[in-house]
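Q: build the 3D model from these lines:
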Amino acid sequence: MEKSRIQTLYETCNAVFSQERPTIQQIQCVKNHLDKVEAADVGIDEFNLHGSPNLICGKGLSEITYIHIHECNNFSIGIFCFPAGRTFPLHDHPGMTVLSKLLYGSVHIKAYDWIMEKKSGCRTSGIAGAVTNGIFKAPCEPSVLFPRSGGNIHSFTALTPSAILDVLSPPYSEEFGRPSTYFMDFPIPSLPGYAILEERDLPDDLVVTGASYLGPSVEIGKNFAGFSYN
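A: So this is what the prediction gives:
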């Protein structure tokens, strides 16, 4: 039986992110396999034209919805589905590498990297440089964010119903000092492309619901036999 694309992605992640320091080439291997995954490969149909009860209809969702596929100590795989007009506010990924694939739809992405970061009490603020501020429409190349570069602090606004498949390594963890922190940005008029970021509380209007994963089952514990560490 042919291996599913999500199984291949899992096995590649399991091989790459079990390494203490994955190389750029290894992360590129994950990106290549992520790029092959389509909405139907993870149990989502943008319009559900066939009315299948075995697929999540992306266009029918009324709230931001998270579909959990897998999480372990080294990485997590999951999908965010967005109704048109919904925003996931600016948030960071402390010490994490993040790979994202826009499965369908059109989103506005705003992303920053820290230029100068400081702590005041329990709050973080500082100056950040804009990495991205534009509209992305599927199909497009997956993005890669590194702990300090690539747009590690970003927000999404769905212009149409949209879905984003994320791989995070390592995953968020309060216990291990990787909480999700939210920010507000204040552009600096005299410095185009730069902004002051100030930590904020979890926004009251941010509602994320959960949905069951309906795609092909993922066999846990396997490594991708075709992956080379060389």
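
Q: quick one: the one helix or strand in the chain whose mean pLDDT sits lowest to chain centroid distance?
A: Ranked by mean pLDDT, DSSP states H and E, the weakest helix or strand in the chain is strand 56-57, scoring a mean of 82. Put simply, strand 56-57 sits 19 Å off its chain's centre (CA atoms, centre = their mean, to the nearest Å).

Q: quick one: list the elements packing against the helix or strand following that strand.
A: Scanning forward in sequence from strand 56-57 by DSSP states H and E, the next helix or strand is strand 64-71. On a contact count with 3 or more CB pairs under 8 Å, 6 or more residues apart in numbering; DSSP states H and E, strand 64-71 meets helix 5-16, strand 76-82, strand 208-211. From N, CA and C alone the C-beta is placed, and that goes for glycine too.

Q: what average pLDDT does the first one get?
A: In this model, helix 5-16 carries a mean pLDDT of 97.

Q: and the strands in the protein, which stretches?
A: Remark: strands assigned in the chain by DSSP state E are 44-45, 56-57, 64-71, 76-82, 87-91, 97-104, 106-120, 123-137, 143-145, 153-158, 162-169, 182-187, 194-200, 208-211.

Q: need the contact list for residue 16.
A: Contact analysis of residue 16 by CB atoms under 8 Å, 6 or more residues apart in numbering lists 22, 26-27, 29-30, 227.

Q: typed the wrong thing, it's residue 9
A: 30, 33-34, 36-37, 77, 167.

Q: what sits closest to it if chain neighbours are left out?
A: residue 33 (4.9 Å; CB to CB, 6 or more residues apart in numbering).

Q: so the one you found sits against residue 10, correct?
A: No. Residue 33 lies out of contact with residue 10 (CB atoms under 8 Å); the separation is 9.4 Å.

Q: where does this structure dip in pLDDT?
A: The model of the chain has pLDDT under 70 over residues 1, 48-53, 222-230.

Q: check it for me, the residue farthest from its geometric middle.
A: residue 190 (31.7 Å; CA atoms, centre = their mean).

Q: still on that earlier bit, in helices, which of the contacts of residue 16 appear?
A: Judged by DSSP state H, helices contain the following of the contacts of residue 16: 26-27, 29-30.

Q: any chance of TSV for those, columns distance to residue 43 and neighbour count?
A: Output for the ones in helices among the contacts of residue 16, formatted as TSV (distance: CB to CB, whole Å; neighbours: other CB atoms under 10 Å):
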residue	distance to residue 43	neighbour count
26	27	18
27	26	18
29	24	21
30	21	25
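
Q: now, among these, which is nearest to residue 152?
A: residue 27 (14.7 Å; CB to CB).

Q: list the beta-bridge partners for the residue minimising distance to the centre of the chain.
A: Centroid-nearest residue in the chain: residue 166, 3.5 Å away (criterion: CA atoms, centre = their mean). Beta-bridge pairing of residue 166 under DSSP bridges involves residue 78, residue 100.
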